[in-house]
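# Sequence plus predicted model, see below.
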Amino acid sequence: MTVENLIFQGLVGLSLAMYLWLVSAGLTLAFGVLGVINFAHGSLYMVGAYLAYTLYGRLGLDFGVAVILSVLTVGLLGAVMERLLFRPMYRLDTAFQLILTFGLVLIFSDLVKLIWGGLFVIPPVPAIFQGAVPVLGRSFPVYNIFVIVAGIVVAAVMGLVLERTWWGKTVRAAAADREMAASLGLNIYRVFVLVFAFAAMLAALGGAFSIPVRVVDPGTGTALIVQAFIITVIGGLGNLRGAFVGSLLVGVLSAYGTLLFPVFELFIIYLLMAAVLLIKPEGLFGR
Amino acid sequence: MRRFSRREFLGGAVVVGATGVLAACAPTQAPTQPGAQAKPLGVDTIKIGAMGALSGAHADYGRQINMGLELAKEEINANGGILGSMVETRMLDEELKPDVGVRNTRQLVQDWGAHFLVGVDSSGVAMAIGPILPELDRVFIFTHAATHRLTEELVYDKKIKHIFRISVPVYQDAIVAAYVFRDKLPQARRFATIGADYEYGRAVWALFREYMKRFRPEAEFVAEAWAPFLTTDFSSHIAAVMAANPDVIVSTPWAGEAVTLLRQAVQLGVFDKIQAWWQAMGGSVDVLEGIKGEVQANAFKGKLWATARYIHNYPDTPENRAFVEKFQKRWARFPNYSAETTYSAVYAIKAAVEKARSLDTSKVIAALEGLSLKTPAGDRYIRPEDHQAVYSVPAGRVVMDPKYPIPIVGADLVILKPEDYYRKPPFEPIKF
Amino acid sequence: MAVKKPTLRNRLGLILGLGAALAILLVPPLLGRYPTYLATTILMLAIFSLGFNLLFGYTGLLSFGHAAFYALGAYVCAKVLLAYPSIILGLLAGVVAAGVGALIIGFLSVRHTRIYFSMLTLAFGMMVHSIIWKWREVTGGDDGLVGIIRPNLDLGFLEINLNRPENFYYFTAVILLASIFLMQRIVNSPFGLVLQAIRDSETRAAFCGIPVRRYRLAAFVISGLYAGLAGSFVAPLERAVTPVYAHWTFSAEPVLATLLGGINSFLGPVVGAFLFRLLKEVVVRYTEYWQLALGIIVVILVLGFRGGVVSVVAGWVGPWLRRDEPRFTQKIAAEPAGQEAAR
């Protein structure tokens, strides 16, 4: 195996990791602040992808506009979900939240089939991202570079907002101790609805980005969510930085696994997940 | 003595109530009507139960099964039915889950009263249904499930005579590919696979290697990458295989996964490097619709080879032309192979029942064995030994054709005789 | 227990109990073959859910990996039946295998509770799934094991032909009744009460000197045994077993059934198994969008009727039967998220 091939495979793994990151970022953020594990988070990625498909692929809107519109729509959907479905759940055992969101998975899966049917059509890659650049004698798609850059930018902006701004402080306060934050006069429910909407938007962003290179179908939500669970667990539930590193780890590892060990098993990833939960439940990168 | 608690007897109450609902699921078969004497089969309706994937990622395959089924039913009923008995259908979602498929089969037979069964997309579902058919005493004609084990193991070895298959199994995906590259790419040496990581993909790769090695002893199998069911991104598989510089890639993920895989292969510049890409079920209408943009832009550079269990542009016979025309008129889409195979399965049932002049399962089985039938896909012959329908579907390059709005498997068609590539009994197990 | 004078409640309970028994008895002669088959699968799901609720309703642990034990039972029973035609041996082997699996996985999983427990069981369950999927020499891979026979039930003095669907159904019913009886003894024993005490407050239970983790493990293993028992019936009933029984989405079946029936009532899971199967049975006759219907029902149940159908009916029957119990569904999650991880 040449060094060039190893580097190239790593690049491919990096772009895989960015989709994983966008999904698991919202999942872990929602858990950290709201204490909710959302089975339907993968479904929000799916809805984002379908919306982007319609706006960009069917109605012919500009790709950027389509992405923004679908992200905003899913954000609104997330806000409605939080307000109507999750708010009554906070005082209950997490088991019921899990079951509720599992019910949502079923609903979303059939709803998108009802609306969009079961067809697999991928719209063309937007003109500015077409083509490939030569990397080590092979060609690497411009679009993948765009996704890698976008994922890193999202991570950097989120990090800055959480660390440096009043909003970030508010969110962190709510995550650390919601009762204390509430008694200090913070409108905790407003924080919850905004955080959940934002988490939904991140998932939708991943979905919308995927639409020129990946088919979306009614099973997409379920296919993604377990992977996202694995990552958030490895990174530590509620740990945003952990989710980023966890995504990189899983994305790059699975790319190398495919190259170096063709019999590479999902088994190993589940084993990693179980081992982290047993040995270091706060996540590999927990404080 | 223990007291019953409130909850227990409330539980009991609900059980009683639920049993009432269960009663509503009891057979609704009406007694034979008095006017039935005019009908040689003694029934007003012949019920054909069907199954396919109607939810999840592969929902379009089940829908196509339903379209083929409904079209055949409407045609037959408009022409006087089967020996005067009208055809009635019911379609259920197999969910690609074997337990659901088994439950559906029982419901269709024991509750709804199905005389015959057709359909099934998943191999696992077919393998689970097969063994219960003798108990139900019904014929099931499978129209998509592709594992060779269904006919080789269950019918030929285990003698479960109620199983038939109208569609061609993995022989098409694997052995035809070896013939194509023997004839069309004499200089190709290095072969790799991006495989579906389950029985189907593994069997295709094993069979392909066996035949390719036989045709070209110097062939090398340089890389394999395996993608589990419901993979959403294939770029790491593509990059891994391309690291070995293959001449030809044999690819078995199907449906939406095939569309994703091909788009990402274009993105990664694969078609600048390789000589050919074999997409096993790339001739499926949903895949062709999905890659239309690439084909129009010549993104595959004419290197994409595909086949299917039926392609709507072949053969150029009156039967096929009429079928495609009627199908488009009825459903505004091109028929996928699962539509044609299901449509033909219904006509096979019609032919067998007319030959047996009976609905008795053993007589229908006898009539189906060795049956020859003109179908849209061409002449089909049902082998008595393994109940596998023998017919031939060509492979070829995927191109645009001015006559069709979607791409077709239409260039360099390789038309083989089925006896060249159908495995024959006694069957050697495929080793992989 | 001292003999008490018959109350209205007692008599009503007796009548309804007898009614339920009669209804179970009458399914095959009155309703025919398909409902008998359907009822058999309901009985199996009832066994599965009954065991599941010992862990969920009584101990407060939601497992998303119990499909693994169901599958272990199914596969081991299938392997036995393929080698040696004895239904008793097959079921026994299936249950033992599931028990061993539950002991190992449970030993590791009960170190955690809440979401961490659910995630751990999900991971272990999927590990079992990928082993079954991959180990094709033994498990037949994704096509599964087929050609399983259904031997007669040989009791020594009596041989029952289980290939008659009604006999198989009655056999399953007897096993379910035995399982219910056993579970009744378990939950009403001091052991069962300790489990509920742990569920309601782990800390308090620990202060009372209860080895919390060991009790949880015991509950886990018992529920695993029930799952294995239910799974073992799959092999002779369907004559084929496939990896889907080990997938996490299959673990959702007892969750939904239990929720539907009621997690606070002893027989809730049994009632729920009936309702869950029938609901789907009815819905798929009218629409291919059965997931939508099921999802909406789940959401409504969780938001409004966490006690399940049994509690709703109890509410109608009226407060004259009221007996207050600690209810899991009303438990307030006082521990802030993340505390678990910090331990």
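Okay, I see it. Computed from a prediction, not measured in an experiment: that's the story for all the values here.
# Do a quick rundown of the helices in the stretch 51-200 of chain A.
Counting by DSSP state H, counting those that start in this stretch, the stretch 51-200 of chain A has helices at residues A:63-81, A:94-116, A:142-164, A:166-176, A:178-183, A:188-210.
# do the stretch 151-300 of chain B as well
Under DSSP H, counting those that start in this stretch, the stretch 151-300 of chain B gives helices at B:170-184, B:199-215, B:235-242, B:256-267, B:270-273, B:285-290, B:292-296.
# out of those helices, which comes closest to C:Y226?
In terms of C-beta to C-beta, the element of those nearest to C:Y226 is helix B:199-215, at 31.2 Å. C-beta here means a position set from N, CA and C on the backbone, and glycine is covered the same way.
# ok, that closest one near chain A or not?
No: legend: contact between helix B:199-215 and chain A by C-beta under 8 Å from any C-beta of the partner chain is lacking; minimum distance shown is 11.0 Å.
# Report the angle between that helix and helix B:170-184.
Angle between the axes of helix B:199-215 and helix B:170-184 is 30 degrees (criterion: axes from the mean of the first three to the mean of the last three C-alpha atoms, to 10 degrees).
# quick one: contacts of helix B:199-215?
B:123, B:146-149, B:170-171, B:173-175, B:177-179, B:181-182, B:191, B:193, B:195, B:219, B:221, B:224, B:226, B:250, B:252-253, B:280, B:430-432, C:136, C:141-143 (C-beta atoms under 8 Å, 6 or more residues apart in numbering or on different chains).
# swap in stretch A:177-194?
Contacts to stretch A:177-194, defined as C-beta under 8 Å, 6+ apart, come from residues A:33-34, A:79, A:82-83, A:86-87, A:90, A:170-171, A:173-174, C:336.
# Poorly predicted segments of chain C, please.
C:1-13, C:314-343 (pLDDT under 70).
# quick check: longest helix of it.
In terms of residue count, the longest helix belonging to chain C (DSSP state H) is helix C:212-238.
# Could you restrict the contacts of helix B:199-215 to the ones contacting chain A?
B:E224, B:W226.
# Can you select the buried ones from the contacts of helix B:199-215 in PyMOL?
Those of those that count as buried under 16 or more other C-beta atoms under 10 Å in any protein chain shown are selected in PyMOL with:
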select buried, (chain B and resi 123+146+147+148+149+170+171+173+174+175+177+178+179+181+182+191+193+195+219+221+224+226+250+252+253+280+430) or (chain C and resi 136+141+142+143)
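# Strands of chain C, residue ranges please.
For chain C, strands defined by DSSP state E occupy the ranges C:145-146, C:153-154, C:159-160, C:240-241.
# Can I get those in a markdown table including mean neighbour count and distance to C:Y286?
What follows is the strands of chain C, written out as a markdown table (neighbours: other C-beta atoms under 10 Å in any protein chain shown; distance: least, C-beta to C-beta, whole Å):
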| stretch | mean neighbour count | distance to C:Y286 |
| --- | --- | --- |
| strand C:145-146 | 24 | 32 |
| strand C:153-154 | 16 | 38 |
| strand C:159-160 | 13 | 38 |
| strand C:240-241 | 29 | 29 |
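# Now distance to B:N66 too, for those, in TSV please.
Below are the strands of chain C laid out as TSV (distance: least, C-beta to C-beta, whole Å):
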stretch	distance to B:N66
strand C:145-146	27
strand C:153-154	41
strand C:159-160	41
strand C:240-241	25
